[in-house]
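> Any chance you can model this:
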Amino acid sequence: MALNPQFFNHDAQAGGFDPHTHVGMDIDHFHQSQNILIEGKRGTGKTHILKMIDNYYMLNFNEHKILPVYVSLAQISEHAKKDSTQFRMHLYTHIVERCIETVKKHKKQIREEDSLLIKALTKLKSLFNIPASSQVDQTLDEIHELAEGLRQSLEFDLSSFDSASSQFRNRKSGASFKSSVKAKSPTFDGNVSLNLESEEFSGEDFKNSKNYVGSKLAHQNSEKFLVEFLKQIQIILDLNHSLLLIDECSEASVRAQVEVFRLFKTIRGASTLLPDRQWCVFFIGTVYPRGQTYYPTRERDEFSFEPGQDCAMEFIQWDETDLETYIKFFEDMTLRRAKHFLDMKGDFNSVQKELFESEETFRLAAYCANGIPRRFWDFVKRGYDPSRNCVLKSHVEFAVNEFTNNQLLSTGPLSEKDVEYTNYLIDRLIDRNNDIRHKNNKKERKNNSLPHTIYLSIARERVKAFDRLIMQGVFHDKSRMRTKAKNTIQPILSLDMSIAYSFDLIPRKRFVKTLTTDLPRSPQNGFHQALVVKDYLERQPTTKKGSNPINDRDKSHAKKKERSDAEHFGIIEFERGSFGFIEQEETESRIYFQSRSIKHDYTIASLNRKRVRFQLKDKGSGREAINIYKA
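Below you'll find the model as predicted:
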């Protein structure tokens, strides 16, 4: 069947957000009164969750009386992120604009005229230095226009703002910002009117107010100004509280992140003016793992922010050892998208049979996604063959190899030493699994086999040294995943499963079957088979000829390296364009090769299903067959 391209798009920032297809997290529990940081790598679905929360509380406003205010730091220019004062002004004007826009969507919920409303409007006029108005909507429109004008001046005329004096200089272009509120703003049902004098908001008034608000937002304690604004909004709509949804917090510079967490710290203690409420606002922010997020400390930033104490934490990358939940997440997500975008019927099994070559194909994409939805959909998209109308395992394998080589182990984000050390650890894990298979083949282990491992056990003080590798996705911190299993005392990292597949940590022919059996068993035995890592930077391997890279490297690994130029035998299993795979006889592994490695003018097609002899070459993305001859 021809697939709708939207079926594969799961990038919320690129228009791939659809509430009907979101699974895996109970959005309703976010109405509980708590401040939260959602932590995850790129592609784990943080933006999806914030947009789901925004969508949920907009649709269920009458029930919960919670006002969601979504702001992405991606909307703020890179230039502004470098200057803490300009960043603060950008962020707060965005929040004010978004808040007013959201309030106007719920204009029917404005509280009836009473003394609290009059006081709230008067306070808002004072905060923003705007003239008195007789109507609620006019006041809100003037605040919105003021914030919009302030933001536009910052974005398009940066030279007009003087950071030193926190003022906008008098420029001719400033006269163009004139209020047209009265001409374009409807009233709120015409029944909310106050006996206040109405004055025209002239161009000069607008310029003065813009300078006034600019100076307030430029001040280091401007978060208190914003909280005061949110207190008045709570009164006007009779809210339980507002909910600030701040996306991409870790994308900002260090100084800009300090400003974000300063705001969060202030919100944490933001009380209310309503006698029957306790708080006026809560926050939910999205962040990258610790190595890529700067949390302020009292020594360096005059205040501290500590996740777990100043807010609750949610981890959204799925834990592969909790296999039932892990696989169900990908099944449910696939089923919902198939029903929504492809109008397919039935349960997941019927959808799987129609869309995937086999259950193994689906599980290979799910395992190698390592709990990250966007990666899963990339594998599925690239694995889909229009001529066969389904996702092919061979295509998914190719996508996994390319992803490993071009993204996970790219020398752009990673240093040469990072890649070198990763290769060393991969070799150690390969040796560990070879040893496990050797022990499992002994008669005494038949009924008590050891699980294969992709796990590292490291000292707690070494975790920070892996920050860059964890952020890149080469390794995953098991303590930062959604899991039902109890965490071990010793920190455990897992090698990414795309890398494990590309490097044959487990023979490819048995990869899916082995992981299905062994992944749940690893935590059950306390990760006893995990590779114990005691070295990182101090004993970095070297590529200098004749040197001994790591003193404690075992003999079996050295012998394996000595055999790398030896001939091997196998069967070419299938073909696809200019590359293919060979099933190696000795290990039953599937070895990648390129057509140019075939000798004596043979083609892939002529050798398909034929026995060949070849040599192995170690590459960044795994081993590759070279010098291929017909056996």
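> so how far is the first residue of stretch 288-297 from its last?
18 Å (CA to CA, to the nearest Å).
> For Val71, see how far away Arg151 is.
Distance from Arg151 to Val71, counting by CB to CB, to the nearest Å: 12 Å. For the C-beta atoms, the positions are set from N, CA and C on the backbone; glycine is no exception.
> Mutual contacts of these two, please.
By CB atoms under 8 Å, 6 or more residues apart in numbering, Arg151 and Val71 have these common neighbours: His94.
> Which residues are in contact with the residue nearest to Leu244 when sequence neighbours are not counted?
Spatial nearest neighbour of Leu244, excluding adjacent residues (CB to CB, 6 or more residues apart in numbering): Phe283 at 4.5 Å. For Phe283, the contact set (CB under 8 Å, 6+ apart) comprises 35-36, 243-246, 263-264, 267, 311.
> Need those residues in CSV (columns: secondary structure and neighbour count).
Listed next are these as CSV, based on DSSP: H, G, I helix; E, B strand; the rest coil; neighbours: other CB atoms under 10 Å:
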residue, secondary structure, neighbour count
Asn35, coil, 19
Ile36, strand, 19
Leu243, strand, 24
Leu244, strand, 24
Leu245, strand, 23
Ile246, strand, 23
Leu263, helix, 23
Phe264, helix, 23
Ile267, helix, 22
Cys311, coil, 22
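> would CSV of those residues with pLDDT and distance to Arg336 be doable?
Shown next, in CSV, are the contacts of Phe283 (pLDDT from 0 to 100; distance: CB to CB, whole Å):
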residue, pLDDT, distance to Arg336
Asn35, 94, 30
Ile36, 94, 24
Leu243, 94, 25
Leu244, 95, 29
Leu245, 95, 23
Ile246, 96, 27
Leu263, 93, 35
Phe264, 95, 33
Ile267, 92, 34
Cys311, 93, 30
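> Nearest to Phe7 among those residues?
Minimum distance to Phe7 across these is 26.9 Å, recorded for Leu245 (CB to CB).
> what bridges to the closest one?
Beta-bridge pairing for Leu245 (DSSP bridges): Tyr70, Ile284.
> right, and it touches Thr102 too?
No - using CB atoms under 8 Å, Leu245 makes no contact with Thr102, being 10.8 Å away.
> intersection of neighbour lists for those two?
Common contacts of Leu245 and Thr102, defined by CB under 8 Å, 6+ apart, comprise 68-69.
> can you map out the strands along the stretch 451-600 of the chain?
Secondary structure of the stretch 451-600 of the chain (DSSP state E, counting those that start in this stretch): strands located at 455-458, 475-477, 481-482, 492-495, 531-533, 568-576, 579-584, 590-594.
> any idea how far Gln594 lies from Phe579?
5 Å.
> Tell me, please, the helix or strand in the chain that averages the lowest pLDDT.
helix 181-184 (a mean of 32; mean pLDDT, DSSP states H and E).
> Give me the buried stretch members for the longest helix anywhere in the chain, please.
Secondary structure of the chain per DSSP state H: the longest helix is helix 416-440. Using 16 or more other CB atoms under 10 Å as the test for burial, helix 416-440 gives 418-419, 421-434, 436-437.
> now do stretch 601-615
The neighbour-count check on stretch 601-615 (16+ other CB under 10 Å) flags 602, 604, 607, 612, 614-615 as buried.
> just stretch 519-535 next, same as before
Buried residues in stretch 519-535 (16+ other CB under 10 Å): 519-520, 522-523, 527, 529-531, 533, 535.
> need the helices for the stretch 401-550 of the chain, in chain order.
416-440, 467-472, 497-502, 511-518, 521-524 (DSSP state H, counting those that start in this stretch).
> Can you say which of these is nearest to Ile143?
Nearest of the helices of the stretch 401-550 of the chain (CB to CB): helix 467-472, 39.5 Å.
> Export the closest one to PDB, keeping only CA atoms.
Taking only C-alpha atoms (Å, rounded to 0.1, in the frame of the first residue of the first chain), the coordinates of helix 467-472 have been written out as PDB:
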ATOM      1  CA  ASP A 467      29.000  13.000  29.400                       C
ATOM      2  CA  ARG A 468      29.800  13.700  25.800                       C
ATOM      3  CA  LEU A 469      29.500  10.000  24.800                       C
ATOM      4  CA  ILE A 470      26.100   9.800  26.600                       C
ATOM      5  CA  MET A 471      24.800  13.000  25.000                       C
ATOM      6  CA  GLN A 472      25.800  11.800  21.600                       C
END
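> Tell me which two of the buried residues of stretch 601-615 sit farthest apart.
Ile604 and Gln615 (17.6 Å).
> got any ranges where the stretch 351-500 of the chain has weak pLDDT?
442-447, 483-489 (pLDDT under 70).
> before we move on, the earlier item: so what angle separates the directions of the longest helix of the chain and helix 511-518?
Compare the direction of helix 416-440 with that of helix 511-518 by axes from the mean of the first three to the mean of the last three CA atoms, to 10 degrees and you get 70 degrees.
> picking up where we left off before, next, format the strands of the stretch 451-600 of the chain as JSON lines and append distance to Thr411.
Below are those laid out as JSON lines (distance: least, CB to CB, whole Å):
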{"stretch": "strand 455-458", "distance to Thr411": "22"}
{"stretch": "strand 475-477", "distance to Thr411": "17"}
{"stretch": "strand 481-482", "distance to Thr411": "27"}
{"stretch": "strand 492-495", "distance to Thr411": "18"}
{"stretch": "strand 531-533", "distance to Thr411": "22"}
{"stretch": "strand 568-576", "distance to Thr411": "27"}
{"stretch": "strand 579-584", "distance to Thr411": "22"}
{"stretch": "strand 590-594", "distance to Thr411": "20"}
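> Between these, which one is closest to Val213.
Taking these one by one with CB to CB, strand 481-482 is closest: 41.7 Å.
> Can you tell me what sits against that closest one?
Residues from elsewhere that reach strand 481-482 (CB under 8 Å, 6+ apart): 315-319, 371.
> can you pick the most crowded of those residues?
Highest neighbour count within the contacts of strand 481-482: Gly371, with 26 neighbours (other CB atoms under 10 Å).
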